[in-house]
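1. next input, structure requested:
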Amino acid sequence: MAPVLVLWLAVCLSGTWAVDRGNFKTCDQSSFCKRQRALKPGESPYRALLETMELTNTRLTLQLINDNNKVRLLLELYRLQGNITRVKINELKPLKPRYEVPDVLVREPPTEPLSVLSQDENGVVLSLGAESQRVIVSARPFRLDIMEGHDVLMSLNSRGLLAFEHLRMPQQWQVVPPHPYPLQITAKEEEEKVEEGMWEETFKSHSDSKPNGPSAVSLDFSLPGVEHVYGIPEHADTLRLKTTDNGDPYRLYNLDVFQYELYNPMALYGAVPVMLAHNTKRTTGIFWLNAAETWVDISSNTAGKTVFGKMLDYVQGSSETPQTDVRWISESGIIDVFLMLGPTPKDVFSQYASLTGTQSFPPLSSLGYHQCRWNYNDQEDVRSVDAGFDEHDIPYDFIWLDIEHTDGKRYFTWDPHKFATPKEMLQGLLEKKRKMVAIVDPHIKVDSNYKIHNEIRSRGFYVKNKDGGDYEGWCWPGSAGYPDFTRADMRAWWASMFAYDQYEGTMENLYTWNDMNEPSVFNGPEVTMHKDAMHGSWEHREVHNLYGLYVHRATAEGLIQRSGGVERPFVLTRAFFAGSQRYGAVWTGDNAAEWDHLKISIPMCLSLGLVGISFCGADVGGFFKSPSSELLVRWYQTGAYQPFFRAHAHLDTPRREPWLFGPENTALIREAVRQRYTFLPYWYQLFYQAYRTGEPVMRPLWVEYPQDPATFAVDDEFLIGRDLLAHPVTEEGSRGVTAYLPGKDEFWFDIHTFQKHNGAQNLYIPVTMSSIPVFQRGGSIIPRKLRVRRSSTCMENDPYTLFVALNTRGELYIDDGHTFNYEKKEFIHRKLSFANNVLSSVNLAPDAQFTTKSWVERVVILGASKPGKITLKTADGEESQLDFEFDASMSVLTIRKPGMNAGEDWKITLK
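-> Predicted structure coming up:
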């Protein structure tokens, strides 16, 4: 093994579990960020040349000129269906084409007509159609304002920070040394001034040749009336984004960050350049479609003001309107931005989904529990762990294999000694209706005896270095090549490798995990690929944040194709971009067994849900270090109420299967996992809704209570759909938590005790080690399955219990759980409602056809009064009387064994 890799592994496996911040750039060390950030707000050098304006039925075009250097830009403005405005800015006549991001939008967005309302020498006013919305284009200096009535919703270039570094011919310029006194620089000198890092940049021992020179783009956005902005994952930070005036901007640049720090704006594994802004009146969104390294600055005129300071402003009649200003800076590409104008949170989710698609509808089993570590040693180890779950009566659906299962880190292979008969192992799991995930990373061992490497090299599918040879870097196998996933033919070939006759030893119950796909290059700059590596004619700097999405996409397509397009895939990815939701699940990467890492998992997944990626989770127990038994139990209790529920651990940590911490802790973990399984019908229904609408499964309180400012910064509790509220215990030694229950005139029911609580209050909840504070919203019906078995598939035909919290509506969704047949209308979708003492089930999809063996074995009505009798009327008109029990102390009515099929019409009447 080469010295570099040995040294890297030594650091990884040593006891110093901490990020080396020196491996990763700050804004000052990233020359384009430093250069752009040095520009201060003021009058923009850009003006709009109104005489060049052209308006067709679908778009407006207009030239902009930079009065300092006379370079012209082309502005394109589109009004899109669904209350979205698109703004594109490119060079009018670039030396060569500039990169425009492909494959992220699900289609070319449909447009709606634009019309001119008024025009003079100062600008032009355009109608955006609905509700007196209009765009004002000001000419000198150039500025865009989007208005509704008298309100400014959003302004572009209002602070004059539009910057567009035009492509230019290389020259042997000298770096201008700093002067001890200010210089008067003419426009011509401004054009020819060269700063360090424009044409070549060095970071540590790595050189970036920058053959195209400076090419950064930047634009500022002002959001009047806004104090809360969210999104732009992935960062280990609070849900509400912070101002960046006194530190670095938030960075979006997919990186393999070794045990990341918390509460800072450093880049992590994924990047979704989408920000949401919210106040009591409106929610809006900004989608900055650029895949290059990007930094986002946030400032606010109310930042740092205390509550007292704000009250003082109010008392003294201060008229300053709160405002948040955001500035996006990208290294290259063009400006292509989508302004999603809401007005509600769910409108913004729908608008973004119309652009990049919705969360893929996962197999039901993938919503169960996943057991993983680096690494299960061999087939006997897998068999033993599998048996341990049965012995301790803990359900699970997937067991995972990390990199050690391969033959020498050669992906698509099995270790011939430790995993000699993989089909036998998979068959053993299949007989218990369980599944496996094996890792397939995108770095390919350079080895002439390795079929995958030989195929990629012979087809010319590797990323190239700047000199035209195959790019090679160090990763787990040692010297590795990196397939060029930006190529459609490469992705098609990769997908074909998952066929059962290509990936030997695989079966239908083996699924895939893509790790290290930022891409991770141990000996590369910032542990990733050199920016001057080549993907065809494009530099890696242009496509960097897309790489992980392309790997994820090709893998998911491979799993679909191997089944002839019948079976839904399950693929987990570490790196992601806008649109990754279409291909599967993500997780928050290499966290640590620390209480703060448990806490941060909540805002990290909430942030991802806001930008379309609902299938999110964190490594239960923490990847690095060893959790105390208390931390491990609390993490299981939290993870059981997050969308992706997987335990994972580092190679160097002690084993931590759920039964290794004593019988009391085993019982607590068992109960948390079993609670997850009882709620699988609800989780599955929410993922179906996410697939249909783009609404997040795990969501911040403000999404459902957009006019309640008390919810706007809450990130230690969350909603699952609209009807479950979870406030996990994330403090060591906690004896109680305070949960905010939202909703004036609403009620919440404790799911464990059925105790009723008023909304719009902070509720103190005493807790013990068994407590998981979760509440069902009054006015909801939640279907559950209370007969927990060894896996979700074993529960397929089991009966439902309906939990009814008066007065009510809910849904029930059922399909086969694993194929795409739901696209052929093979499903059951029912509306459940309770009104005027009648509980009923009616068909929401009369054109769909599916049958289920599941029936309703129990109805639990919370907040009920005792009836005289209860009758059931089924679809065939038969009427019968039902048995019931009533707990007067808790006002809980339980109807036992009503017995109707879950897919049929019925009515239960309380008399």
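2. what residues go with each domain of this structure?
-> With domains defined by the TED database, the chain comprises 32-167+208-314+325-344, 799-910.
3. want to throw those into TSV with mean pLDDT, mean neighbour count and distance to Gly733?
-> (Each C-beta comes from the backbone N, C-alpha and C, glycine too.) Shown next, in TSV, are the domains of the chain (pLDDT from 0 to 100; neighbours: other CB atoms under 10 Å; distance: least, CB to CB, whole Å):
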stretch	mean pLDDT	mean neighbour count	distance to Gly733
domain 32-167+208-314+325-344	94	19	20
domain 799-910	97	17	30
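4. closest one to Arg373 among those domains?
-> domain 32-167+208-314+325-344 (16.7 Å; CB to CB).
5. endpoints of the closest one, how far apart?
-> 36 Å (CA to CA, to the nearest Å).
6. residue numbering should commence at 12 henceforth.
-> In the new count, where the first residue is 12, that last one comes out as domain 43-178+219-325+336-355.
7. how about the strands in the stretch 362-511 of the chain?
-> Taking DSSP state E, counting those that start in this stretch as the test, the strands found in the stretch 362-511 of the chain are 380-382, 409-412, 446-450, 455-456, 483-486, 489-492.
8. of the domains of the chain, which approaches Glu515 most closely?
-> domain 810-921 (23.4 Å).
9. mind checking how far that closest one is from the chain centre?
-> Offset of domain 810-921 from its chain centre (CA atoms, centre = their mean, to the nearest Å): 34 Å.
10. re earlier: I'd like to know which of the domains of the chain is closest to Thr689.
-> Closest of the domains of the chain to Thr689 is domain 810-921, at 8.4 Å (criterion: CB to CB).
11. that closest one: end-to-end distance?
-> Domain 810-921 end-to-end distance (CA to CA) = 22 Å.
12. same deal with stretch 125-139?
-> End to end - CA to CA - stretch 125-139 spans 6 Å.
13. picking up where we left off before, can you redo the strands of the stretch 362-511 of the chain as a markdown table with mean pLDDT, distance to Ile825 and mean neighbour count?
-> Formatted as a markdown table, the strands of the stretch 362-511 of the chain follow (pLDDT from 0 to 100; distance: least, CB to CB, whole Å; neighbours: other CB atoms under 10 Å):
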| stretch | mean pLDDT | distance to Ile825 | mean neighbour count |
| --- | --- | --- | --- |
| strand 380-382 | 99 | 21 | 25 |
| strand 409-412 | 98 | 22 | 24 |
| strand 446-450 | 98 | 20 | 24 |
| strand 455-456 | 98 | 42 | 24 |
| strand 483-486 | 98 | 43 | 22 |
| strand 489-492 | 98 | 45 | 21 |
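14. export those strands as a markdown table, with columns for distance to Leu350.
-> Shown next, in a markdown table, are the strands of the stretch 362-511 of the chain (distance: least, CB to CB, whole Å):
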| stretch | distance to Leu350 |
| --- | --- |
| strand 380-382 | 38 |
| strand 409-412 | 40 |
| strand 446-450 | 39 |
| strand 455-456 | 41 |
| strand 483-486 | 39 |
| strand 489-492 | 41 |
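15. out of those, flag the one nearest Val393.
-> With CB to CB as the criterion, Val393 lies closest to strand 409-412 of the strands of the stretch 362-511 of the chain, at 6.1 Å.
16. which secondary structure elements does that closest one contact?
-> With contacts taken as 3 or more CB pairs under 8 Å, 6 or more residues apart in numbering; DSSP states H and E, strand 409-412 sits against strand 380-382, helix 390-402, strand 446-450.
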